[in-house]
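Novice: Dropping the sequence and predicted coords here.
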Amino acid sequence: MISVTQTKVGLKYVINNVVSNPIGVSTGVSWSQTAYGQVTNGNTTTVTIVGLFSVNLFVEGLGSIVTTPVSYSVNIDNRNGKLISAKRLPL
C-alpha cells in the first residue's frame with residue numbers, strides 16, 4: 001500500500017510525505033522503502049517510490065535471501081489531490 005500525505009496550499013495540493021507498506025501476510029517476503037521523489041508538471045504530480053523487495057528461502061536449515069530493487073510511479077491530480085494512475089516501473 002502506498003500512502004501519500006497531502007496539504008492544500010491555495011488552490012493546489014502539495015505532497016508532504018510518502019510511505020509504502022506491504023499488504024497482507026506473506027511469510028518470507030518483505031518490503032523496505034528506500035526513497036521517494038516527486039516532480040510536478042502542470043496539474044499532475046508524479047511520485048516515484050523506490051524500495052527493496054526481499055524473498056527469504058530456507059530449506060532444512062539452509063537459506064538465502066534474494067533482494068531486488070523495485071520502483072513504483074504514482075500520478076496525482078494536484079487540483080483535487082486524487083489518484084490518476086499508479087504502476088510498477090521496469091528495472
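Specialist: Cool, the structure landed.

Novice: Spatially central residue in this protein, please.
Specialist: The residue lying closest to the centre of the chain (CA atoms, centre = their mean) is Ile49, at 4.0 Å.

Novice: where's that residue relative to Gly28, distance?
Specialist: According to CB to CB, to the nearest Å, Ile49 stands 22 Å off from Gly28. Every C-beta, even on glycine, is put in place using the N, C-alpha and C of the backbone.

Novice: Looking at the chain, name the residue that lies furthest from the middle.
Specialist: Largest separation from the mean C-alpha position in the chain: Glu60, at 34.1 Å (CA atoms, centre = their mean).

Novice: Ramachandran coordinates for it?
Specialist: With angles defined as degrees, to the nearest 10, Glu60 sits at phi 50, psi 50.

Novice: ditto for Gly61
Specialist: Torsion angles at Gly61 (phi, psi; degrees, to the nearest 10) stand at phi 80, psi -10.

Novice: So what's the residue count around it?
Specialist: 5 (other CB atoms under 10 Å).

Novice: got the contact list for it?
Specialist: For Gly61, no residue meets the contact criterion (CB atoms under 8 Å, 6 or more residues apart in numbering).

Novice: ok, Asn75 touching Gly42?
Specialist: No: with contact defined as CB atoms under 8 Å, Asn75 does not count as touching Gly42 (11.3 Å).

Novice: Tell me which of the two has more neighbours.
Specialist: Here Asn75 and Gly42 are compared on neighbour count by other CB under 10 Å; more neighbours surround Asn75, at 15 against 7.

Novice: where exactly do the strands run in the chain?
Specialist: For the chain, the strands defined by DSSP state E cover 2-9, 12-20, 29-41, 44-59, 62-77, 82-89.

Novice: Could you list the residues in contact with the fourth one?
Specialist: When you say that, I think you mean strand 44-59. With CB under 8 Å, 6+ apart, strand 44-59 has contacts from 2, 4, 13, 15, 18, 20, 28-40, 63-78, 84, 89.
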